[in-house]
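1. Task: produce atomic coordinates for the following.
(2 chains)
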Amino acid sequence: MKSTALFFMRLRGILTKETLQILRDPSSIALAIVMPMLLLFLFGFGVTLDAEHIPLAVVREDDSGMARDLVARFELSSHFEVKPAAAMKEAEEMVAGRRADGIILIQSDFTSRLQSGSQATVQLIVNGIDANRARLIQGYVRNVVGSWSTMRKARGEPAWTPAVSVAQRVWFNEGTESRNFMVPGLITLIMTLIGILLTALVVAREWERGTMEAMLVTPLRRVDILLGKIIPYYILGMLGMGLSVFVAVTLFQVPFRGSATALIILSSLFMLASLGFGLLLSAAIRIQFVAAQVSIVAGFLPAFFLSGLIFDLESTPLPIQIISHIVPARYFVSISHTLFMAGDVWAILLPNGLILAGMAVFFISMAFRKITKRLEN
Amino acid sequence: MSVSSEIPVQGDSGVVAADTVMSVHALSKNFILKNKTSVQALCDVSFTVSAGKVTGIVGADGAGKTTLIRIAAGLLLPTSGSVSVLGLDSAEDTLEIQSRVGYMPQKFGLYQDLTVAENMSLYADLQGVPGVERAERFQRLLKMTDLTAYTRRRAGALSGGMKQKLGLACALIKSPGILLLDEPTVGVDPVSRRELWKIVYQLVEKDGIGVLVSTAYLDEAERCSQVVILHEGQVLARSAPGDFMRQVTGRVFLVAPPAGEKARRIYTRLVGRTGIIDATIRSGRIRVVTENEGDSAVISALAGEKGSVEPANPSFEDAFMSLIPRKDHRLRAADSSAAPVHDNSREDEVVVETHGLQKFFGDFEAVKKLTFSVRRGEIFGLLGPNGAGKSTTFRMLCGLLPANSGEINVAGHDLRRSGAKARSRLGYMAQQFSLYGQLTTRENLNFFGMAYGLDRKHLQARMAWAFDEFGLGRWRDTPAARLPGGNKQRLAMASALLHEPDILFLDEPTSGVDPFARREFWLRINGFAEQGVTVIVTTHFMEEAEYCDRMLIMSQGDTLAMGTPAEIRALARSADNPEPTMDDAFIALAEGTVAIADQGRSAANSSGAAA
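-> Sure, this is the predicted structure:
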């Protein structure tokens, strides 16, 4: 028989085997389909960077209509839940008892100062234990007071205006909803995890069960082993990915503005890089438990912290910025943000895609070099 | 002991015979450990394997058997020397060799989620068996292995024996020129072992292929045409089994105990005596191998036991034991039985009793209505192949696993109600020895002592006892994971005995342990039983049943038979086989050629009456 015919026969054998195993062993389907959904729901619904219904103690010493009007603006905002307090003392107790996250103080001379044209102040005191939340509250309060002044000014009523006002317009994520930012990024994390875990675990499992040893003593070539592992898990991983995008668009209502072709091509590159990294790990690790641990530490955590999804990379120290360049997730986070919120902007997609392609080639060829038909390295 | 020079060595002439399918030449293999030390697994090994013959590699665990077969299969590279398979070099032409050998690894290499037919198709694809030849080939292999009816069953759901045969069928998928089998019969019941050998011989006789098989079962070596004995990586001797056996002609005796005396008491006295190389209990008698032929002092010592002494035909095991250099392997019998605290008055007391014990895992009935009782100072064996339900029974007896129905009484306590009380009187040694690998010998003992609540003074005394009794003193500060050979087993046993339990549960204490450690183990167990400790032990080595006072043979959760070794053996007695072995008895029981139920019930009744 010709050698190509033999090659395809071997490939058929190993692919049939992997497919049957995937279909019959619930653990790989759980890994590729159930886990991404779980993560997406957990992070998509549970982890949001917006704050809603922040309890805010309001001390209104001024009884005028203007002061009441301003408090009403706070009550209208979905960010706040106004809790009236009779005096500062009571408000302070509310903050100390964690029943309120901040205090708004409208002093008794508020109206008179406004009417006299001098500067009227609204005092904000924020519980600074959670610095992030404190900063959010600050911003929201400034917005409410600002929009109130603008409105009053439009009506020709006395209002304090800053010397220079910033006209804001948020592009691509008009609602400034962090979900639109988080969900595409999450898909990156999920694909990192399943790409690495699938290959690393599956190969380690073969070592544990002793089937790898039997495989190695057949005339399988190294390239057969590589293809036999990459093809089925590429398909499975892409199915998980497709499902995640579908859920993102339908359930989370995240806009998708790019093209499906770009998504498929670019996510394939990313998936191949992850699978290649997993295979590289599996060449060295023959115990499932260790494979899972290393996948998390070497694959998932860098993707989590260094991809720019959770922490802004620009504000991290230089060494960490440099390290972040070797994390494939960094490039795909940027790709998926672009595809979801902006569209096929090739000026961003192309360089990131090329880097991912380079990484996929690197990891897969490293894995190929490391695959050995012997028991010792 | 320079035995190898006395034995005619074949195939060293340098001329490769026409029928040679594999030749090992000056093969050495070193492994580099993590701490950069080098361990020599094989040293200057040479031999050949001929077509149409079975060559056996025999040796204790760690002798280098698996390493040798893996090098031949191209899985490992030699450090020096070479292996040539079908005229090809194992390091150079690995792929070519791999398309022409059949190899069955120890774990059979089957995919549990794939059916019998799918496993076979997979290996046929990988080996490039043309589609047109497959139907015929599959049919032949399935018929040979008796698996035709099970083609659609998943490999994971097959019994141990069937898995082993499927593994063999997969290794034979492309009628190989040579078949490499790495310990193919470990943990498999005697019926399946016998069938496997039948298949191997069919292949050898009909297809004329050469077979290289490694085994730890010494009786299997007798079935080979050539045997290579490996010891610590070196070839100790190689020859036909008959040549080995001739070496010990006239040095093997059987001592039958006088009426009323237990064979194991005489055995304990004879072991380790000067001039005696090996002593075992076989078929109710003590089998003795002497160091020299016609050693009158030894023979008169045997006669001094008042039983009958008669010469016996040597077996391969006798020869093997006489060949292995002793060094620290000399068994010490004296200290373990030094003070037989023998309390006859309590001998009839029943200490463990079960009635109608049942365990289900889902729909699967792992243990079916098990009823038995064990008396004080008895060695009670639970025997059966892997998957018979021994370990499940054991875990229920120790209170580790709740029973679905039935009663268990241990040391006078109903295990369901007062588990903790009963447990403080138990010692338990689990299958994997459950030691803490990073802790030293002393730290392990210290931990187990404290876990059992021994106070400091008592613990010190018991640790001193353990170091002395088990010879662990020199390994005091060695981490348990790095203890050599049988010392792990010794430490595990010492840990289980620290709190001086009345009842000792030992789960497969002899699996994966070499013949010497196994002998030492049984000797110790005898000693403890003499001191009044009740021992319940599981094993899949049928011949070890001889060391038990009474035993229960299990198969697929059922009781096959219960009784003394003599009673069980008697079940298989026939005109053709007047002196059956324990294996014969198991085969007869499993095939249903003897009535089994009556034996089991009557034994259960008689022990029940004694209570």
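2. Okay, and the closest residue to B:Asp89 other than its chain neighbours sits in which element?
-> Among residues not flanking B:Asp89 along the chain, B:Ser82 sits closest, at 6.0 Å (CB to CB, 6 or more residues apart in numbering or on different chains). (C-beta placed from N, C-alpha, C; glycine too.) Assigned by DSSP states H and E, B:Ser82 belongs to strand B:80-85.
3. Repeat that for A:Ala273.
-> Per DSSP H and E: helix A:260-284 holds A:Ala273.
4. Also B:Leu459?
-> Here B:Leu459 sits within helix B:456-469, counting by DSSP H and E.
5. was I right about the residue nearest to B:Asp89 contacting B:Glu92?
-> No - assessed by CB atoms under 8 Å, B:Ser82 is found out of contact with B:Glu92, at 9.1 Å.
6. Which of these two has more residues huddled nearby?
-> For B:Ser82 and B:Glu92, the more surrounded residue by other CB atoms under 10 Å in any protein chain shown is B:Ser82, and the numbers stand at 15 against 12.
7. which residues sit in contact with that one?
-> Each residue near B:Ser82 by CB atoms under 8 Å, 6 or more residues apart in numbering or on different chains is listed here: B:24-27, B:89-91.
8. next one: A:Ser307
-> A:185, A:188-189, A:324, A:327, A:329-330, A:332-333.
9. May I have the helix or strand A:Phe41 falls within as CSV, with CA atoms only?
-> Secondary structure from DSSP H and E places A:Phe41 in helix A:35-41. Taking only C-alpha atoms (Å, rounded to 0.1, in the frame of the first residue of the first chain), the coordinates of helix A:35-41 have been written out as CSV:
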residue,chain,number,x,y,z
MET,A,35,-17.7,25.1,31.5
PRO,A,36,-17.7,28.1,29.1
MET,A,37,-21.4,28.6,29.6
LEU,A,38,-20.9,28.5,33.4
LEU,A,39,-18.1,31.0,33.3
LEU,A,40,-20.0,33.3,30.9
PHE,A,41,-23.0,33.4,33.2
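10. residues in contact with the following helix or strand past it?
-> Beyond helix A:35-41 on the C-terminal side, the first helix or strand identified by DSSP H and E is strand A:54-60. With CB under 8 Å, 6+ apart as the test, strand A:54-60 has contacts from A:67-68, A:71, A:74, A:79-88, A:90-91, A:94-95, A:99-106, A:133, A:136-137, A:140.
11. what are the ranges of the helices in the stretch 401-550 of chain B?
-> For the stretch 401-550 of chain B, the helices defined by DSSP state H, counting those that start in this stretch cover B:419-423, B:441-451, B:456-469, B:487-497, B:515-530.
12. Sorry, wrong one. I was asking about the stretch 1-150 of chain A.
-> A:3-24, A:26-29, A:35-41, A:65-76, A:88-96, A:110-115, A:131-154.
13. Can you name the residues of the stretch 151-300 of chain A sitting close to chain B?
-> Counting by CB under 8 Å from any CB of the partner chain, the stretch 151-300 of chain A comes close to chain B at A:209-211, A:213-221.
14. okay, the residues you listed in a markdown table with neighbour count, secondary structure and pLDDT next?
-> Formatted as a markdown table, those follow (neighbours: other CB atoms under 10 Å in any protein chain shown; DSSP: H, G, I helix; E, B strand; the rest coil; pLDDT from 0 to 100):
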| residue | neighbour count | secondary structure | pLDDT |
| --- | --- | --- | --- |
| A:Arg209 | 18 | helix | 86 |
| A:Gly210 | 16 | coil | 85 |
| A:Thr211 | 23 | helix | 90 |
| A:Glu213 | 20 | helix | 89 |
| A:Ala214 | 25 | helix | 89 |
| A:Met215 | 21 | helix | 89 |
| A:Leu216 | 23 | helix | 90 |
| A:Val217 | 25 | coil | 90 |
| A:Thr218 | 27 | coil | 89 |
| A:Pro219 | 19 | coil | 89 |
| A:Leu220 | 21 | coil | 89 |
| A:Arg221 | 16 | coil | 90 |
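15. Tally up the residues packed near B:Gly473, please.
-> Neighbours of B:Gly473 (other CB under 10 Å): 12.
16. Show the contacting residues for whichever residue of the stretch 151-300 of chain A sits closest to chain B.
-> In the stretch 151-300 of chain A, the residue that lies nearest chain B is A:Ala214 (2.4 Å; CB to the nearest CB). Residues near A:Ala214 by CB under 8 Å, 6+ apart: B:103-105, B:108-110, B:170.
17. show me which of the residues you listed neighbour chain A.
-> B:103-105, B:108-110, B:170.
18. pLDDT weak spots in chain B?
-> In the predicted model, chain B carries pLDDT under 70 at residues B:1-18, B:187, B:303, B:305, B:326-347, B:416, B:418-419, B:484-485, B:512, B:593-611.
19. Would you mind naming what in it lies close to chain A?
-> With CB under 8 Å from any CB as the criterion, chain B meets chain A at residues B:31, B:70, B:73-77, B:94-95, B:98-99, B:101, B:103-114, B:118, B:121-128, B:130, B:154, B:170.
20. Counting by contacts, list what the helix holding A:Ala273 packs against.
-> Judged by 3 or more CB pairs under 8 Å, 6 or more residues apart in numbering or on different chains; DSSP states H and E, helix A:260-284 is in contact with helix A:178-209, helix A:222-250, helix A:288-294, helix A:328-337, helix A:346-370.
21. Please enumerate residues in contact with the shortest one?
-> Outside helix A:288-294, the residues that touch it by CB under 8 Å, 6+ apart are A:197, A:200-201, A:203-205, A:208, A:281-282, A:285.
22. just these now: which is nearest B:Leu498?
-> Nearest to B:Leu498 among the contacts of helix A:288-294, counting by CB to CB, is A:Glu208 at 33.2 Å.
23. Excluding residues flanking it in the chain, which one is nearest that closest one?
-> Nearest residue to A:Glu208, sequence neighbours excluded (CB to CB, 6+ apart): A:Gln288, at 6.0 Å.
24. same thing with B:Gly161?
-> Excluding the flanking residues, the one nearest B:Gly161 by CB to CB, 6+ apart is B:Ser192, at 2.7 Å.
25. Pull the contacting residues for that neighbour.
-> With CB under 8 Å, 6+ apart, B:Ser192 has these contacts: B:159-162, B:164-165, B:185, B:385.
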